[in-house]
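> Give me the fold of what follows.
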Amino acid sequence: MMDQDPPLYTWVLSVNREVSEEEFNQCMKCLDSESVARINSIERRDDRLRSMLGRLVPHVVMKQRGIPRGEWSIKTTKHGKPYIDAPDEEKAMGYNISHDGSLVAMAFSLGPRNRVWNVGIDVRRIAPPRGVRVRDFLESLKHKLTPKELTFLDAEYPDDVVLRRIFILWTLKESYTKALGQPRGFDFRRIQCDIPKETITVDGERLRGWEFRLFKANVGIMRKNILHEEAYQCVCAVYRGGSETRFLWSEKPRELDKWLRFVTVDSIIQAGTSQLMS
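A predicted model of the protein is given here:
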(Lines give C-alpha, C1' and ligand atoms only; values in the text may rest on other atoms or scores of the structure.)
Protein backbone atom coordinates (compact mmCIF):
# COMPACT_ATOMS: atom_id res chain seq x y z
CA MET A 1 0.00 0.00 0.00
CA MET A 2 1.16 3.57 -0.69
CA ASP A 3 0.91 4.68 2.92
CA GLN A 4 3.31 1.89 3.95
CA ASP A 5 6.02 2.94 1.54
CA PRO A 6 9.19 4.66 2.78
CA PRO A 7 8.51 8.40 3.06
CA LEU A 8 9.95 10.76 0.46
CA TYR A 9 11.28 14.18 1.43
CA THR A 10 12.76 17.04 -0.55
CA TRP A 11 15.00 19.94 0.39
CA VAL A 12 15.17 22.87 -2.02
CA LEU A 13 18.07 25.22 -1.44
CA SER A 14 18.03 28.67 -3.01
CA VAL A 15 21.41 30.28 -3.56
CA ASN A 16 19.71 33.57 -2.78
CA ARG A 17 22.87 35.62 -2.41
CA GLU A 18 26.46 35.61 -3.52
CA VAL A 19 28.77 33.26 -1.61
CA SER A 20 32.25 34.51 -0.66
CA GLU A 21 35.45 32.58 -1.33
CA GLU A 22 35.97 32.28 2.42
CA GLU A 23 32.55 30.67 2.88
CA PHE A 24 33.17 28.38 -0.08
CA ASN A 25 36.53 27.23 1.28
CA GLN A 26 35.11 26.63 4.76
CA CYS A 27 32.38 24.42 3.36
CA MET A 28 34.88 22.48 1.26
CA LYS A 29 36.60 21.43 4.49
CA CYS A 30 33.46 19.47 5.42
CA LEU A 31 33.74 17.21 2.37
CA ASP A 32 35.83 14.13 1.64
CA SER A 33 38.92 14.32 -0.55
CA GLU A 34 37.24 12.68 -3.56
CA SER A 35 34.41 15.24 -3.52
CA VAL A 36 36.89 18.10 -3.18
CA ALA A 37 38.91 16.83 -6.15
CA ARG A 38 35.82 16.53 -8.34
CA ILE A 39 34.58 19.99 -7.40
CA ASN A 40 37.97 21.56 -8.06
CA SER A 41 38.05 19.97 -11.52
CA ILE A 42 34.98 21.99 -12.56
CA GLU A 43 35.93 25.01 -14.65
CA ARG A 44 33.22 27.59 -13.92
CA ARG A 45 32.97 29.04 -10.42
CA ASP A 46 29.14 28.99 -10.37
CA ASP A 47 29.13 25.31 -11.31
CA ARG A 48 31.70 24.54 -8.60
CA LEU A 49 29.51 26.32 -6.05
CA ARG A 50 26.37 24.37 -7.00
CA SER A 51 28.29 21.10 -6.97
CA MET A 52 29.75 21.86 -3.54
CA LEU A 53 26.35 22.74 -2.08
CA GLY A 54 24.83 19.60 -3.59
CA ARG A 55 27.46 17.48 -1.86
CA LEU A 56 27.09 19.40 1.39
CA VAL A 57 23.30 19.02 1.75
CA PRO A 58 23.41 15.26 2.61
CA HIS A 59 25.86 16.08 5.43
CA VAL A 60 23.44 18.66 6.82
CA VAL A 61 20.48 16.27 6.57
CA MET A 62 22.37 13.60 8.50
CA LYS A 63 23.47 16.13 11.10
CA GLN A 64 19.85 17.16 11.66
CA ARG A 65 18.93 13.49 12.05
CA GLY A 66 21.40 13.45 14.94
CA ILE A 67 23.77 10.90 13.41
CA PRO A 68 27.48 11.70 13.99
CA ARG A 69 29.65 11.89 10.86
CA GLY A 70 31.72 8.91 11.92
CA GLU A 71 28.67 6.65 11.98
CA TRP A 72 27.58 6.88 8.36
CA SER A 73 29.13 6.61 4.91
CA ILE A 74 28.13 7.23 1.31
CA LYS A 75 27.98 4.08 -0.79
CA THR A 76 26.75 3.32 -4.30
CA THR A 77 24.51 0.66 -5.78
CA LYS A 78 25.64 -1.52 -8.68
CA HIS A 79 24.09 1.10 -10.98
CA GLY A 80 26.20 3.85 -9.42
CA LYS A 81 23.41 5.53 -7.46
CA PRO A 82 24.53 6.95 -4.11
CA TYR A 83 22.93 6.12 -0.80
CA ILE A 84 23.85 6.68 2.81
CA ASP A 85 24.53 3.65 4.95
CA ALA A 86 24.44 4.01 8.74
CA PRO A 87 25.04 0.54 10.23
CA ASP A 88 23.65 1.48 13.64
CA GLU A 89 20.43 2.85 12.10
CA GLU A 90 17.44 0.78 11.04
CA LYS A 91 17.02 2.77 7.84
CA ALA A 92 19.26 3.64 4.93
CA MET A 93 18.85 6.89 3.00
CA GLY A 94 18.62 6.86 -0.76
CA TYR A 95 18.94 10.27 -2.39
CA ASN A 96 19.44 12.22 -5.58
CA ILE A 97 20.71 15.74 -6.21
CA SER A 98 19.80 18.24 -8.92
CA HIS A 99 20.84 21.82 -9.50
CA ASP A 100 20.20 24.51 -12.06
CA GLY A 101 20.64 28.26 -11.92
CA SER A 102 20.14 29.42 -8.33
CA LEU A 103 18.53 26.20 -7.06
CA VAL A 104 20.02 23.05 -5.54
CA ALA A 105 17.58 20.27 -4.59
CA MET A 106 17.85 16.94 -2.85
CA ALA A 107 15.16 14.24 -2.78
CA PHE A 108 15.67 11.46 -0.27
CA SER A 109 13.85 8.48 1.18
CA LEU A 110 14.41 6.61 4.43
CA GLY A 111 13.81 2.88 4.65
CA PRO A 112 15.20 -0.58 3.90
CA ARG A 113 18.15 -0.40 1.50
CA ASN A 114 16.45 -2.10 -1.43
CA ARG A 115 13.42 0.20 -1.19
CA VAL A 116 15.08 3.62 -1.20
CA TRP A 117 17.39 3.39 -4.19
CA ASN A 118 14.98 4.43 -6.96
CA VAL A 119 14.68 8.13 -6.09
CA GLY A 120 15.26 10.91 -8.60
CA ILE A 121 14.81 14.66 -8.79
CA ASP A 122 15.24 17.29 -11.46
CA VAL A 123 14.92 21.07 -11.26
CA ARG A 124 15.03 23.47 -14.19
CA ARG A 125 14.67 27.20 -14.37
CA ILE A 126 11.63 28.07 -16.46
CA ALA A 127 13.46 30.24 -18.96
CA PRO A 128 15.02 29.69 -22.38
CA PRO A 129 18.78 30.16 -22.82
CA ARG A 130 19.74 33.83 -22.81
CA GLY A 131 19.02 35.50 -26.12
CA VAL A 132 17.02 32.54 -27.49
CA ARG A 133 13.33 32.87 -28.39
CA VAL A 134 10.93 30.31 -26.95
CA ARG A 135 9.98 28.95 -30.37
CA ASP A 136 13.64 28.53 -31.34
CA PHE A 137 14.30 26.85 -28.00
CA LEU A 138 11.48 24.40 -28.66
CA GLU A 139 12.85 23.73 -32.15
CA SER A 140 16.22 22.78 -30.64
CA LEU A 141 14.55 20.19 -28.37
CA LYS A 142 12.35 18.45 -30.91
CA HIS A 143 14.80 15.57 -31.28
CA LYS A 144 14.10 14.70 -27.61
CA LEU A 145 10.30 14.80 -27.91
CA THR A 146 7.72 12.42 -29.37
CA PRO A 147 5.01 13.50 -31.83
CA LYS A 148 2.37 13.21 -29.09
CA GLU A 149 4.42 15.44 -26.78
CA LEU A 150 4.77 18.03 -29.51
CA THR A 151 0.98 18.33 -29.68
CA PHE A 152 1.16 19.33 -25.99
CA LEU A 153 3.41 22.20 -27.14
CA ASP A 154 1.28 23.36 -30.04
CA ALA A 155 2.12 26.70 -31.61
CA GLU A 156 -1.33 28.06 -30.77
CA TYR A 157 -0.38 28.28 -27.08
CA PRO A 158 1.30 31.46 -25.76
CA ASP A 159 5.04 31.38 -25.11
CA ASP A 160 4.76 31.22 -21.31
CA VAL A 161 2.50 28.15 -21.50
CA VAL A 162 4.78 26.41 -24.00
CA LEU A 163 7.83 27.15 -21.87
CA ARG A 164 6.29 25.75 -18.67
CA ARG A 165 5.13 22.65 -20.52
CA ILE A 166 8.59 22.10 -22.03
CA PHE A 167 10.08 21.95 -18.57
CA ILE A 168 7.33 19.73 -17.18
CA LEU A 169 8.19 17.17 -19.87
CA TRP A 170 11.93 17.68 -19.40
CA THR A 171 11.93 17.29 -15.62
CA LEU A 172 9.63 14.25 -15.75
CA LYS A 173 12.03 12.46 -18.08
CA GLU A 174 15.14 13.54 -16.21
CA SER A 175 13.82 12.59 -12.77
CA TYR A 176 12.77 9.15 -14.03
CA THR A 177 16.12 8.34 -15.67
CA LYS A 178 18.01 9.66 -12.64
CA ALA A 179 15.91 7.48 -10.34
CA LEU A 180 16.99 4.47 -12.42
CA GLY A 181 20.63 5.54 -12.44
CA GLN A 182 20.72 5.84 -16.23
CA PRO A 183 23.80 7.58 -17.65
CA ARG A 184 23.61 10.88 -19.48
CA GLY A 185 22.72 10.54 -23.10
CA PHE A 186 19.67 8.34 -22.57
CA ASP A 187 17.40 8.75 -25.60
CA PHE A 188 14.47 10.78 -24.27
CA ARG A 189 12.33 9.79 -27.25
CA ARG A 190 12.06 6.34 -25.66
CA ILE A 191 10.00 8.03 -22.93
CA GLN A 192 6.59 9.47 -23.81
CA CYS A 193 4.70 11.60 -21.32
CA ASP A 194 0.98 12.07 -21.90
CA ILE A 195 0.33 14.90 -19.46
CA PRO A 196 -3.47 15.23 -19.96
CA LYS A 197 -3.92 11.50 -19.27
CA GLU A 198 -1.14 11.42 -16.64
CA THR A 199 0.51 8.37 -18.16
CA ILE A 200 4.08 7.60 -19.22
CA THR A 201 5.25 4.92 -21.63
CA VAL A 202 8.81 3.68 -22.06
CA ASP A 203 9.69 1.83 -25.26
CA GLY A 204 5.96 1.58 -25.92
CA GLU A 205 5.13 -0.06 -22.57
CA ARG A 206 3.06 1.76 -19.99
CA LEU A 207 5.07 2.71 -16.90
CA ARG A 208 3.64 1.25 -13.69
CA GLY A 209 4.43 1.57 -10.02
CA TRP A 210 5.93 5.06 -10.06
CA GLU A 211 5.02 8.26 -8.26
CA PHE A 212 5.86 11.70 -9.70
CA ARG A 213 5.55 14.81 -7.55
CA LEU A 214 5.43 18.00 -9.60
CA PHE A 215 5.73 21.48 -8.16
CA LYS A 216 6.86 24.96 -9.08
CA ALA A 217 9.34 26.94 -6.98
CA ASN A 218 9.40 30.74 -7.09
CA VAL A 219 12.46 32.26 -5.45
CA GLY A 220 13.93 35.72 -4.92
CA ILE A 221 17.65 35.98 -5.70
CA MET A 222 19.87 38.90 -4.70
CA ARG A 223 22.62 39.68 -7.20
CA LYS A 224 24.71 42.86 -6.94
CA ASN A 225 22.12 44.38 -4.59
CA ILE A 226 19.31 43.77 -7.09
CA LEU A 227 16.47 41.34 -6.33
CA HIS A 228 15.63 38.97 -9.19
CA GLU A 229 12.56 36.72 -9.31
CA GLU A 230 13.15 33.25 -10.74
CA ALA A 231 10.73 30.35 -11.33
CA TYR A 232 11.69 26.67 -11.43
CA GLN A 233 9.90 23.51 -12.46
CA CYS A 234 10.66 20.58 -10.15
CA VAL A 235 9.78 16.88 -10.28
CA CYS A 236 10.54 14.13 -7.76
CA ALA A 237 10.31 10.53 -8.97
CA VAL A 238 10.15 7.47 -6.74
CA TYR A 239 9.35 3.84 -7.47
CA ARG A 240 6.55 2.53 -5.25
CA GLY A 241 5.58 -0.72 -6.95
CA GLY A 242 2.09 -1.84 -7.88
CA SER A 243 0.09 -1.53 -11.07
CA GLU A 244 -0.49 2.23 -11.20
CA THR A 245 1.63 5.35 -11.73
CA ARG A 246 0.57 8.53 -9.94
CA PHE A 247 1.07 12.20 -10.74
CA LEU A 248 0.87 14.46 -7.67
CA TRP A 249 0.52 18.12 -8.61
CA SER A 250 1.47 20.03 -5.47
CA GLU A 251 0.45 23.67 -5.75
CA LYS A 252 -0.90 24.47 -2.28
CA PRO A 253 1.51 25.32 0.58
CA ARG A 254 -0.20 22.94 3.00
CA GLU A 255 0.33 20.04 0.62
CA LEU A 256 4.00 20.87 0.20
CA ASP A 257 4.68 21.41 3.90
CA LYS A 258 4.30 17.69 4.58
CA TRP A 259 7.36 16.65 2.57
CA LEU A 260 9.06 19.72 1.10
CA ARG A 261 11.43 22.09 2.85
CA PHE A 262 12.80 25.34 1.43
CA VAL A 263 16.13 26.51 2.82
CA THR A 264 18.53 29.35 2.03
CA VAL A 265 22.22 29.21 1.36
CA ASP A 266 22.86 30.83 4.76
CA SER A 267 21.28 27.95 6.67
CA ILE A 268 23.24 25.31 4.74
CA ILE A 269 26.56 27.13 5.10
CA GLN A 270 26.00 27.68 8.83
CA ALA A 271 24.96 24.06 9.38
CA GLY A 272 27.81 22.75 7.29
CA THR A 273 30.59 24.80 8.83
CA SER A 274 29.31 24.04 12.33
CA GLN A 275 30.29 20.42 11.68
CA LEU A 276 33.91 21.49 11.81
CA MET A 277 33.43 22.51 15.42
CA SER A 278 31.34 19.51 16.53
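
> which parts of the host helix or strand of Gly272 are buried?
In this structure, Gly272 is located in helix 265-274 according to DSSP states H and E. Buried positions in helix 265-274, judged by neighbour count with 16 or more other C-beta atoms under 10 Å: 265, 268-269, 271-272. The way it works is simple: take the backbone N, C-alpha and C, and place the C-beta from them, glycine included.

> Out of those residues, which comes closest to Gly241?
Checking the buried residues of helix 265-274 against Gly241 with C-beta to C-beta, the nearest one is Ile268 at 33.0 Å.

> re the thing from before, and the helix holding Gly272, how far out from the chain's middle?
Distance, stretch centre to chain centre, for helix 265-274: 20 Å (C-alpha atoms, centre = their mean, to the nearest Å).

> show me the residues around the residue lying closest to Ile200 once chain neighbours are set aside that make contact.
Of all residues not flanking Ile200 in the chain, Leu207 sits nearest, at 4.2 Å (C-beta to C-beta, 6 or more residues apart in numbering). Residues touching Leu207, when contacts are defined by C-beta atoms under 8 Å, 6 or more residues apart in numbering, comprise 176, 199-201, 245.

> do the same with Glu89
67, 71-72.

> Which of the residues you listed sits closest to Leu110?
Compare each of the contacts of Glu89 with Leu110 using C-beta to C-beta and the shortest gap goes to Ile67, at 11.4 Å.

> Spell out which residues sit in contact with that closest one, please.
With contacts defined as C-beta under 8 Å, 6+ apart, Ile67 is in contact with 86, 89.

> Now it: phi and psi?
Ile67 adopts backbone torsions of phi -100, psi 120, taken as degrees, to the nearest 10.

> quick one: low-confidence parts of the stretch 151-278 of the chain?
Scanning the stretch 151-278 of the chain for pLDDT under 70 picks out 251-253, 275-278.

> Which stretches in it count as strands?
For the stretch 151-278 of the chain, applying DSSP state E, counting those that start in this stretch gives strands covering 191-194, 199-202, 205-206, 210-223, 226-239, 246-249, 260-264.

> rewinding a little: tell me what the helix holding Gly272 is packed against?
Other elements packing on helix 265-274 under the criterion 3 or more C-beta pairs under 8 Å, 6 or more residues apart in numbering; DSSP states H and E are strand 8-14, helix 21-28, helix 45-64.

> and the second one with helix 265-274, angle?
Meaning helix 21-28. Computed with axes from the mean of the first three to the mean of the last three C-alpha atoms, to 10 degrees, the direction of helix 21-28 lies at 50 degrees from that of helix 265-274.

> can you check the first one too?
On the basis of the same axes, to 10 degrees, strand 8-14 is oriented at 110 degrees to helix 265-274.
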